[in-house]
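A.B. asks: Show me the folded form of this:
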Amino acid sequence: MILAAAAALTPETTTQAVGYPSLFVLVVLGSLVPVVPTGAVVSSAAVVAFHQTEPLTLLFVFLVAALAAFTGDVCLYWLGQRGMRSRNGSRWLKALYDRAPAERLARAQAKLHDHGVAVLVASRLIPAGRIPVMLACLLSSMPLRRFIRGNGPACLAWAATYQLIGILGGSLFAEPWQGLIAVVVLTVLISGAPGVWRRVRGPREREA
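C.D. replies: Take a look at the predicted model:
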């Protein structure tokens, strides 16, 4: 029976069995600490799914990516809340402050004041916009339950956006590896653009 099951396990099903948990773990990890380019991970998974024969693979990639992003965001917000309540703060809260420049945090607080939790959707889609808005929510003492209500649609929109990038990359190239290279380069450029712009703009502002 074991041999029969192993024989029935095709390379495609093996890829799915390994790929979905890996996708979940990588996106959760990337949501907590900035060591994994989560957009590139989701787009790459979508490229692979596009070239597979299973019709529901793309749907599963979307659901896993959205759930992982939601889980990571909620965990990070909960850890941030604990840091806000702690007398000495926490390393998670300090990490949020370190990743949220003062001017971006000020803009995030203004947008949160004007638009409420709806700003969470935009923060997920704008490169480097998630952490300043999350920190603005923490500073406004937003309850976790309210953050969850706004973050759910934000994670769905984020997963759909990067999956569409992956589908586009998969449809433009005949070989999956070509689409993988294209979407990784594109998503890394998108995520790195704000940091490059701040480095370029900083000296000009000081000179002015």
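A.B. asks: Quick one, grab the pLDDT at the residue nearest to the spatial centre of the chain.
C.D. replies: Against the mean C-alpha coordinate of the chain, by C-alpha atoms, centre = their mean, the closest residue is residue 38 at 4.8 Å. Turning to residue 38, the model gives it a pLDDT of 89.
A.B. asks: Can you pull the poorly scored residue ranges out of the chain?
C.D. replies: 1-18, 88-89, 173-180, 188-208 (pLDDT under 70).
A.B. asks: what's the closest non-adjacent residue to residue 38?
C.D. replies: The shortest distance from residue 38 to any non-neighbouring residue, by C-beta to C-beta, 6 or more residues apart in numbering, is to residue 30 (3.6 Å). (Glycine included, C-beta is placed from N, CA and C.)
A.B. asks: hmm, back to that, isn't the residue nearest to the centre of the chain right next to residue 66, touching?
C.D. replies: No: if you go by C-beta atoms under 8 Å, residue 38 and residue 66 don't touch, sitting 11.4 Å apart.
A.B. asks: can you give me phi and psi for residue 129?
C.D. replies: Here is the backbone geometry of residue 129 (degrees, to the nearest 10): phi -100, psi -20.
A.B. asks: Nearest residue to it in space, please, no chain neighbours.
C.D. replies: For residue 129, ignoring the flanking residues on the chain, the nearest one in space by C-beta to C-beta, 6+ apart is residue 123 at 4.2 Å.
A.B. asks: and the one you found, how far is that from residue 182?
C.D. replies: 26 Å (C-beta to C-beta, to the nearest Å).
A.B. asks: Look at these two and report which has more neighbours.
C.D. replies: Set side by side, residue 123 and residue 182 show more neighbours around residue 123, with 24 against 19, by other C-beta atoms under 10 Å.
A.B. asks: Helix or strand: which one has that one?
C.D. replies: For residue 123, the element it lies in under DSSP states H and E is helix 119-125.
A.B. asks: Quick one: distance of the helix or strand just after that helix to the chain centre.
C.D. replies: Toward the C-terminal end, the helix or strand that comes next after helix 119-125 (DSSP H and E) is helix 130-139. Centre-to-centre, helix 130-139 and its host chain are 15 Å apart (C-alpha atoms, centre = their mean, to the nearest Å).
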